[in-house]
Each structure stands twice: as structure tokens, then as C-alpha cells.
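Undergrad: Okay, predicted coordinates and the sequence, questions at the end:
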Amino acid sequence: MNKPFSQACANNQQPILEVLSRHISAPGTLNEIGSGTGQHAVFMAQHLPHLVWQPSDVKANLPGINAWRNDASLPNVAAPLCFDVNDTTTALSPAPYLFSANTLHIMSWASVERLFHWIPALLRDEGVAFFYGPFNYNGQYTSDSNARFDQWLKSQGEHQGIRDFEAIAALARKAGLTLLEDCAMPANNRTLVWRRASR
């Protein structure tokens, strides 16, 4: 099959890699939630060879992820697993790292809440989680382009929209996460880096 391709993914992967590299030193598995096209999986795994990158997504996206994985033939990209945050079970195991890019504004708010509810099953104690995407602060857009993007998202589906950082932070605290870094990224995006506390 032809591999799916996202230009936005190609544009942001190097800046994201720089953030991940600052916080990932020890070997281990990284659970990627919402792997989309699969581009991040192969790019990050190539540059972080001490990681086992575990892609996951809904069933419809797995063939595209596999196309990227098969072409790359990297030993540290695992076969993608089917995962829907609204399911009651998952084949994913707790890992020391978790990553998700451009998912929180696509999912419904109820699904965002479900994702953070899953944190204890997806991220080990002292594990580090990374969330990339656009966020509002104090109920305000950070740029005119983000305001236009939010309007476009809502035109595609009423359940979509740029999330408020404060609301995400409240879910993170409830899941036992402490903010390590709120990193400005190109195109008015952010990468939020969290550490899960020991129980």
C-alpha cells in the first residue's frame, strides 16, 4: 500500500525529537498513543535507538503504520497495537515513557478524560509522558493561526477543539503527573512533559 503522509508530522518531528532527547536517557519502551501515519514512530526510533517504540492507534490506522514500519525495517519499532481510549482493555503494558502528538484536540473531551484515566496502565511510576499539540492558556488562543485552526476543527466535528492547558493540567494532576517542562514549539504548538509520581 502507499504509505500515508502528513506534512505537519514531517515539519515537527525534529523539534519534538530535541525535546524527547532531553528527557530520555535510560533504555526502555515508549508507548505512543495515536500513532496516526506512523511517521513519528520510525523517525524517533531511528534517532533514539536505545528505545523500543511501541505504536498504537485505532484499527483503521494500523495498516498505514505498518507500511512505514516495514519500509524502515528498524529493530526497535514494535508491531503497532490496536488501542482505543474508550475501550475497557488494552494490550499495551506500562512503560517508562509515553508520547502522544496532535491527539487531544482531535478526541472528544470525554475521550481526553479517558486517556488520562489510562495513565496508570500505560506509564510506570517515575515514567515520563510527552504531549505535543496546540493549547490555550487562561482561556485565550496563543495566536491568530490557532484561533483559525480551532474554528476549522469545530467545523469538522463539534467534539474537536484546542484544549485549555489548565484543564489538561488538572487531569494530569489527578493521574499523578507533575509538569517538568512546557516547551514552546514551532507553529504555535507546545510539548508538555510530565513525570508520574511513585505510589
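TA: That came through fine.
Undergrad: what ranges do the strands span in the protein?
TA: Counting by DSSP state E, the chain has strands at residues 28-32, 51-54, 56-57, 81-82, 95-101, 123-133, 135-136, 163-164, 177-185, 189-196.
Undergrad: Show me the shaky parts of the chain.
TA: Along the chain, the model assigns pLDDT under 70 to residues 1, 199.
Undergrad: any idea which helix is longest in it?
TA: If you go by DSSP state H, the chain has its longest helix at helix 7-23.
Undergrad: helices or strands up against that helix?
TA: When contacts are defined as 3 or more Cβ pairs under 8 Å, 6 or more residues apart in numbering; DSSP states H and E, helix 7-23 packs onto helix 39-47, strand 95-101, strand 123-133, strand 177-185, strand 189-196. Placement of C-beta: from N, CA and C, glycine included.
Undergrad: So for this protein, which residue is the most central one in space?
TA: By Cα atoms, centre = their mean, the mean C-alpha position of the chain lies nearest to residue 100, the distance being 0.5 Å.
Undergrad: Can you tell me how far the closest residue to that one other than its chain neighbours is from residue 110?
TA: Among residues not flanking residue 100 along the chain, residue 33 sits closest, at 4.2 Å (Cβ to Cβ, 6 or more residues apart in numbering). Using Cβ to Cβ, to the nearest Å, one gets 16 Å for the distance from residue 33 to residue 110.
Undergrad: Among the two, which residue is more densely surrounded?
TA: Set residue 33 next to residue 110 and count neighbours by other Cβ atoms under 10 Å: residue 33 wins out with 21 against 10.
Undergrad: What residues does the more buried one make contact with?
TA: Contact partners of residue 33, counting by Cβ atoms under 8 Å, 6 or more residues apart in numbering, are 56, 83, 85, 98, 99, 100, 103, 115, 122.
Undergrad: okay if I get those as a markdown table plus distance to residue 13?
TA: A markdown table is the format used below for the contacts of residue 33 (distance: Cβ to Cβ, whole Å):
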| residue | distance to residue 13 |
| --- | --- |
| 56 | 18 |
| 83 | 21 |
| 85 | 23 |
| 98 | 17 |
| 99 | 12 |
| 100 | 14 |
| 103 | 16 |
| 115 | 22 |
| 122 | 22 |
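Undergrad: Can you turn the buried subset of those into a selection I can paste into ChimeraX?
TA: What follows is the ChimeraX syntax selecting those of the contacts of residue 33 that are buried according to 16 or more other Cβ atoms under 10 Å:
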select :56,83,85,98,99,100,103,115,122
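Undergrad: circling back to that earlier point, to residue 15, which of the strands of the chain lies closest?
TA: Closest approach to residue 15 among these (Cβ to Cβ): strand 177-185, 5.3 Å.
Undergrad: and the angle from that closest one to strand 95-101?
TA: 40 degrees (axes from the mean of the first three to the mean of the last three Cα atoms, to 10 degrees).
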